[in-house]
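Colleague: pasting the sequence and the predicted model now:
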Amino acid sequence: MPRTSPPLLTGLLLAVANGTLLPVQGRINSALGARLDDGVAAAVVSFTTGLVLIAVIGLALPKGRAGLRRIVPAVKERSFPRFYVVAGGIGALYVIAQSFTIGLLGVALFTVAVITGQTVSGLFVDRLGIGPGGKRTITGVRILGSVLTIAAVVWAGSPRLGAAADVGSLLLPILLPVVAGCLMSFQQAMNGTATVHYGSPIAATLVNFMAGTVILWIAWLIKVLVVGPGHALPAEWWYYVGGPMGCVFIGLAALLVRSLGVLVTGLGMIAGQLLGSLALDLVLPAPGTVVAFPTILGTLLTLFAIIVATLPWPKGALSSRRPAKSHSGQSRRQDSGQRPVG
């Protein structure tokens, strides 16, 4: 079996490391939402701080300024579909889905729903060629890796899934995180394409945060008009690092989809998310958190699923089509362009 090439291995390790930021960011934003008694306000703070940081970085670095100067010309020249500039709205939808469904579904069901949507849509986003890496064939190996990933996540979350009182009544609320997960693959593809034309992931990240911030501010203002504001902002600095983590996550993901594709990038970040969550539960457990044996085994199965989906398997591996048995005479007729008789 051919050995994994260094660029693929390096990119995959970066995707896994990038995924570990999500549970840490989620823990911080969740704590901020509880402190403010307002999940939407916590999302606004996260996106706004991220926007300010990436704007400062973009203006301070020469490559960042060059990328920022390419944003308007790239959009005017229609170098890519103009609606790609609102990809940050998908991130806002993800945060809104967290705010409105995690309390009802629980973290386990929410995570399973998001990852299921993200994994399945990653196959089709690659097949459609929306990302900068172009079209990638849906092979049996990639399908197997996706199925194993979903099974692994369900297994890892099974201890908490079993605690759900009535799963049947949660089917409708589950649709929102499934849709958010599906759209995340499109977001990564759109940001990756924009990065190519801007010439800098900094510019793509800035545009992403601008769109998400505008949408969340509008949502928060509507919420304030309806139910009023929450509590005052806390003084502790660590409540405000969720946004900078989002800058790193979005920028690195936009770079990785160029070489890995949307599906493999997503699978790597899913593995990182599970590893990061497991590490948090072991080192800094939330009240009532218990690390169960299925959670550990499900995390390991996820890593195996990624290996299945990313290794350079021989051409035709797990293909449903078997090579036709040909006789020498038939091969000669086909090579000469003649159709076999009889």
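Modeller: Thanks, I have it. Numbers count the residues shown, from 1 in each chain.
Colleague: give me the neighbour count for residue 8.
Modeller: Neighbour count for residue 8, taken as other CB atoms under 10 Å: 15. (C-beta placed from N, C-alpha, C; glycine too.)
Colleague: brain fart, residue 223
Modeller: Applying other CB under 10 Å, I find that residue 223 has 18 neighbouring residues.
Colleague: can you give me every residue that contacts it?
Modeller: Residue 223 sits next to 38, 40 when contact means CB atoms under 8 Å, 6 or more residues apart in numbering.
Colleague: make 50 the starting number, not 1.
Modeller: Fine by me, first position is 50 from now on; the one you just mentioned is residue 272.
Colleague: list the buried residues of the host helix or strand of it.
Modeller: Per DSSP states H and E, residue 272 falls inside helix 250-276. By neighbour count on 16 or more other CB atoms under 10 Å, the buried set for helix 250-276 is 250-266, 268-269, 272.
Colleague: looking at it now, give me its mean pLDDT.
Modeller: Average pLDDT, helix 250-276: 93.
Colleague: could you do stretch 85-96 as well?
Modeller: 89.
Colleague: other residues contacting it?
Modeller: Contacts to stretch 85-96, defined as CB under 8 Å, 6+ apart, come from residues 74, 78-79, 81-82, 140-141, 144-145, 147-148, 258, 261-262, 265-266, 268-269, 272, 278-280, 282-283, 288-289, 291-292, 295.
Colleague: go through it and flag the buried ones.
Modeller: Quick answer for stretch 85-96 (16+ other CB under 10 Å): 85, 87-96.
Colleague: in the helix or strand following the helix holding residue 272, what's buried?
Modeller: Next helix or strand after helix 250-276 toward the C-terminus (DSSP H and E): helix 291-309. Under the neighbour-count criterion of 16+ other CB under 10 Å, helix 291-309 has 291-309 buried.
Colleague: list the buried residues of stretch 65-85.
Modeller: Neighbour counts over stretch 65-85 (16+ other CB under 10 Å) mark 65-82, 84-85 as buried.
Colleague: and if you look at stretch 96-104?
Modeller: Result for stretch 96-104 [16+ other CB under 10 Å]: buried residues 96-100, 102-104.
Colleague: and the helices in the stretch 100-249 of the chain?
Modeller: Taking DSSP state H, counting those that start in this stretch as the criterion, the stretch 100-249 of the chain carries its helices at 111-125, 137-177, 189-205, 207-210, 220-247.
Colleague: comparing these, which yields the minimum mean pLDDT?
Modeller: Mean pLDDT across the helices of the stretch 100-249 of the chain is lowest at helix 207-210; the value there is a mean of 64.
Colleague: sorry, back to before: for the buried residues of stretch 85-96, which one is nearest residue 318?
Modeller: Ranked by distance to residue 318 (CB to CB), these are led by residue 95 at 18.0 Å.
Colleague: how near is the closest one to residue 120?
Modeller: Per CB to CB, to the nearest Å, residue 95 is found 23 Å from residue 120.
Colleague: and if you look at residue 58?
Modeller: Plainly put, residue 58 is 33 Å away from residue 120 if you go by CB to CB.
Colleague: neighbour count winner among those two?
Modeller: With neighbours defined as other CB under 10 Å, residue 58 and residue 120 compare such that residue 120 has more, 20 against 12.
Colleague: out of everything not next to it in sequence, what's closest to the more buried one?
Modeller: Among residues not flanking residue 120 along the chain, residue 252 sits closest, at 5.4 Å (CB to CB, 6 or more residues apart in numbering).
Colleague: nearest spatial neighbour of residue 176, chain-adjacent residues omitted?
Modeller: Closest residue to residue 176 apart from its sequence neighbours, by CB to CB, 6+ apart: residue 187 at 5.1 Å.
Colleague: what do you get for residue 142?
Modeller: Leaving out its chain neighbours, the residue that sits closest to residue 142 by CB to CB, 6+ apart is residue 229, at 5.3 Å.
Colleague: how about residue 198?
Modeller: In space, residue 198 is closest to residue 354, 4.3 Å off (CB to CB, 6+ apart).
Colleague: I'd guessed that neighbour sits against residue 203; true?
Modeller: No. With contact defined as CB atoms under 8 Å, residue 354 does not reach residue 203; the gap is 12.0 Å.
Colleague: the more surrounded of the two?
Modeller: Each of residue 354 and residue 203 has its neighbours counted (other CB under 10 Å); residue 354 has more, 24 against 18.
Colleague: check contacts around that one.
Modeller: Applying CB under 8 Å, 6+ apart, we find residue 354 in contact with 194-195, 197-198, 200-201, 316.
Colleague: got the angle between the helix or strand hosting it and helix 137-177?
Modeller: For residue 354, the element it lies in under DSSP H and E is helix 342-359. Here the directions of helix 342-359 and helix 137-177 differ by 50 degrees (axes from the mean of the first three to the mean of the last three CA atoms, to 10 degrees).
Colleague: for helix 342-359, the distance to its chain's centre please.
Modeller: Helix 342-359 sits 17 Å away from the centroid of its parent chain (CA atoms, centre = their mean, to the nearest Å).
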